[in-house]
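Q: Any chance you could fold what I've pasted below:
(2 chains)
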2 protein chains.
Amino acid sequence: MKMRIIETISEMRKVQKEWRENGESIGLVPTMGYLHEGHLSLIAEAKKRCSKVVMSLFVNPLQFGPTEDFERYPRDMERDSQLANESGVDIIFAPSVAEMYPHKMKTTVVVSEITDTLCGASRPGHFDGVATVVSKLFHIVQPDFAFFGQKDAQQVAVIKQMVDDLNMPLEIIPCPIVREPDGLAKSSRNVYLSEEARKQAVVLSRSLKQAEADYQQGLQPGEIKERAMSLIKTQPLADIDYVELLTYPSLKPLEKFNGQPFILALAVRFGDTRLIDNKIFS
Amino acid sequence: MKMRIIETISEMRKVQKEWRENGESIGLVPTMGYLHEGHLSLIAEAKKRCSKVVMSLFVNPLQFGPTEDFERYPRDMERDSQLANESGVDIIFAPSVAEMYPHKMKTTVVVSEITDTLCGASRPGHFDGVATVVSKLFHIVQPDFAFFGQKDAQQVAVIKQMVDDLNMPLEIIPCPIVREPDGLAKSSRNVYLSEEARKQAVVLSRSLKQAEADYQQGLQPGEIKERAMSLIKTQPLADIDYVELLTYPSLKPLEKFNGQPFILALAVRFGDTRLIDNKIFS
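A: So this is what the prediction gives:
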């Protein structure tokens, strides 16, 4: 069957119902489009586990702050549908903003505590917007599995918490970060980077590698974090938003290693472009 | 088939899945137990529309304030299961608090604006607790229809708003208020009333009847509300929490009638017992 692009909720529900009646298993890969190899790895994982794969493509205004890049967020539907088709996506669900938000929303899904830090602290309201739209997508597509990139590690923690707390009938599958040959984590926002910033941005993954070595050598959380910050600061265009070493997925401060999994999470601005990266140690 | 009582989420999911595979339609009647004819009318409506009926029975601590009656809320599982069985309920889903909240919840479903008034104003956090637990029940039972009594008119408005905003795949069916012969709305809390308070409590429905006549005679919202309050105040044990005339279901103040549906909503304390009642004019 050829890939279809569906723009309305009612049509998506119709297909979902048919699939259910035919006993299909459904995988959802939520994206904001402008696909890169990170997205394609999520689709590949979905294809492995499910007989039908829906990729949603929706740049969600709710999760962007008033000063953020909603308007200029990169979009390329033609290229995205070609890539999705080649990757074996069955349906692109690409609703308009008016289709998803026909009237002012009064309902918000709020995940507390784990959203107090990292991107939750830097981007107030961001995770309310994420949890709310993902909740809507889950209710529309009703997948058995949904696939999220571990690059947005806090997002994965938030979505898993929501699914668990609200007993949503699906499983969240986090997928590993996909990187450029020089180590930069793939991101739709990488296209914003100037040539010089692109070169310097490799410092994010380098600082994570350094942290890994530091951890192997027995350094403590405070030292590891300090050394990551110092390394990032060697790059003149790098403007640190946060460098945090926290328990994962509970995202609490970690003074001393105690066998719990933890995350080193980075957000660094290069001019107008904010990049994130992380490594989970478990 | 005999009625079953299910206490675990996993068992409820198993039955739900079997029903789905057999093409059954599923109705959910969420209750806090201590059934009265109001609940039974919801079950009867569910039986009409659905081939399988689940009645959930869960006194949800999340929707009670710290000074409210969670502990003393009336419970009678034996009587409830007998009544449910006689009414044709297929499954009572009666999870424990630990089953529903195995760890501290970090996720809350918040419905704003329409919760700023009436019981939302009198009972801070109440509707967060309601929306969150109902969202959980919907995800566990995955019904096609869910049935709620119009006595909790604001609750109906909140649940409908949530279902609509979050695209939950089910339909909410509000059912009319069921009353005692003298007009008092059926409520599990009526058992709290002293003999004297029980007599005086009939003033709630009487004030709604008076409002209906007032409206027919062309009185304005302010006058209708004032006259309802005055009538309630004739009863010495009655302590008014609120008497409000608002648009419905948007629950905004109404200065002048303009053809919009509206509600006269009452909450009145008799000693420790808080009763609510309402009439929707459409």
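Q: got the contact list for stretch A:42-49?
A: Applying Cβ atoms under 8 Å, 6 or more residues apart in numbering or on different chains, the contact partners of stretch A:42-49 are A:25, A:27-29, A:31, A:53, A:55, A:84, A:87-89, A:145, A:147-149, A:173, A:175. Any C-beta I mention is one placed from the backbone N, CA and C, and that applies to glycine too.
Q: Filter the residues you listed down to the buried ones and hand me the ChimeraX line.
A: To isolate the buried subset of the contacts of stretch A:42-49 in ChimeraX, counting by 16 or more other Cβ atoms under 10 Å in any protein chain shown, use the following:
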select /A:27,28,29,31,53,55,84,87,89,145,147,148,149,173,175
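Q: Out of the contacts of stretch A:42-49, list just those in strands.
A: Using DSSP state E, the members of the contacts of stretch A:42-49 that fall within strands are A:27, A:28, A:29, A:31, A:53, A:55, A:145, A:147, A:148, A:149, A:173, A:175.
Q: didn't the fifth one look like it was pressed against residue A:27?
A: Yes - between residue A:53 and residue A:27 there is a contact under Cβ atoms under 8 Å: 4.7 Å.
Q: How about the residue nearest the centre of chain A, nearest residue that isn't a chain neighbour?
A: Nearest to the mean C-alpha position of chain A, counting by Cα atoms, centre = their mean, stands residue A:152 at 3.8 Å. Once flanking residues are discounted, residue A:152 sits nearest to residue A:276: 7.3 Å by Cβ to Cβ, 6 or more residues apart in numbering or on different chains.
Q: And residue A:30, by the same measure?
A: residue A:56 (4.8 Å).
Q: so who does that neighbour touch?
A: Per Cβ under 8 Å, 6+ apart, neighbours of residue A:56: A:28, A:29, A:30, A:31, A:92, A:93, A:94, A:137, A:141.
Q: again, only this time at 10 Å
A: Counting by Cβ atoms under 10 Å, 6 or more residues apart in numbering or on different chains, residue A:56 touches A:6, A:12, A:28-33, A:91-95, A:100, A:133-134, A:136-137, A:140-141, A:143, A:146.
Q: now do residue A:54
A: Residue A:54 makes contact with A:6, A:12, A:15-16, A:19, A:26-30, A:46, A:89-93, A:137, A:140-143, A:146 under the criterion Cβ under 10 Å, 6+ apart.
Q: rerun that using 7 Å as the cut-off
A: Applying Cβ atoms under 7 Å, 6 or more residues apart in numbering or on different chains, we find residue A:54 in contact with A:26, A:28, A:90, A:91, A:93, A:141, A:143.
Q: So in terms of bridging, what pairs with it?
A: residue A:28, residue A:91 (DSSP bridges).
Q: For residue B:106, state which of the ones in strands among the contacts of stretch A:42-49 is nearest.
A: residue A:148 (17.6 Å; Cβ to Cβ).
Q: Give the bridge partners for that closest one, please.
A: Going by DSSP bridges, residue A:148 forms beta bridges with residue A:174.
Q: what about stretch A:4-12 and chain B, any contact?
A: Yes - between stretch A:4-12 and chain B, judged by Cβ under 7 Å from any Cβ of the partner chain, the touching residues are residue A:9.
Q: any low-confidence regions in the stretch 151-282 of chain A?
A: For the stretch 151-282 of chain A, applying pLDDT under 70 flags no range at all.
Q: ok, now with 90
A: A:282 (pLDDT under 90).
Q: just so I have it, where are all the helices in it?
A: Along the stretch 151-282 of chain A, counting by DSSP state H, counting those that start in this stretch, helices occupy A:153-165, A:195-200, A:203-216, A:221-233.
Q: How about the shortest one, which residues are buried there?
A: Across helix A:195-200, burial judged by 16+ other Cβ under 10 Å covers A:197, A:198, A:200.
Q: For the second one, which residues are in contact?
A: Neighbouring residues of residue A:198 by Cβ under 7 Å, 6+ apart: there are none.
Q: One more pass at 8 Å, please.
A: Taking Cβ under 8 Å, 6+ apart, one finds A:184, A:190 in contact with residue A:198.
Q: Please apply the same query to the first one.
A: Contacts of residue A:197 were listed using Cβ under 8 Å, 6+ apart, and they are A:237, A:270, A:271, A:273.
Q: Name the spans of the stretch 1-150 of chain A whose pLDDT lies under the cut-off.
A: A:1-2, A:67.
Q: where does it come near chain B, residue by residue?
A: A:9, A:13, A:20, A:105-114, A:131-132, A:135-136, A:139-140, A:142 (Cβ under 8 Å from any Cβ of the partner chain).
Q: what about dumping the CA coordinates of stretch A:142-152 to CSV?
A: Taking Å, rounded to 0.1, in the frame of the first residue of the first chain, the C-alpha atoms of stretch A:142-152 are listed here in CSV:
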residue,chain,number,x,y,z
GLN,A,142,-4.2,5.2,19.6
PRO,A,143,-0.8,3.5,19.0
ASP,A,144,0.5,0.4,20.8
PHE,A,145,4.0,1.9,20.8
ALA,A,146,5.3,5.5,20.4
PHE,A,147,8.9,6.2,19.6
PHE,A,148,10.9,9.2,20.9
GLY,A,149,14.6,10.2,20.5
GLN,A,150,16.7,10.1,23.6
LYS,A,151,18.3,13.4,22.5
ASP,A,152,15.3,14.9,24.2
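Q: what are the phi and psi angles of the closest residue to residue A:94 other than its chain neighbours?
A: Excluding the flanking residues, the one nearest residue A:94 by Cβ to Cβ, 6+ apart is residue A:57, at 4.4 Å. Phi and psi for residue A:57, reported as degrees, to the nearest 10, are phi -130, psi 100.
Q: distance of residue A:57 from residue B:115?
A: Distance of residue A:57 to residue B:115, computed by Cβ to Cβ, to the nearest Å: 33 Å.
Q: Could you do residue A:212 as well?
A: For residue A:212, the distance to residue B:115 - Cβ to Cβ - is 48 Å.
Q: Looking at these two, which is more packed in?
A: residue B:115 (26 against 14; other Cβ atoms under 10 Å in any protein chain shown).
Q: Pop out the phi and psi values for the more buried one.
A: Dihedral angles (degrees, to the nearest 10) for residue B:115: phi -100, psi 0.
Q: Look up the closest residue to it, ignoring the ones flanking it.
A: The nearest residue in space to residue B:115 (Cβ to Cβ, 6+ apart) is residue B:127, at 4.3 Å.
Q: and the angle from the helix or strand where that neighbour lies to strand B:52-57?
A: Taking DSSP states H and E as the definition, residue B:127 sits inside helix B:126-141. Angle, helix B:126-141 to strand B:52-57, by axes from the mean of the first three to the mean of the last three Cα atoms, to 10 degrees: 140 degrees.
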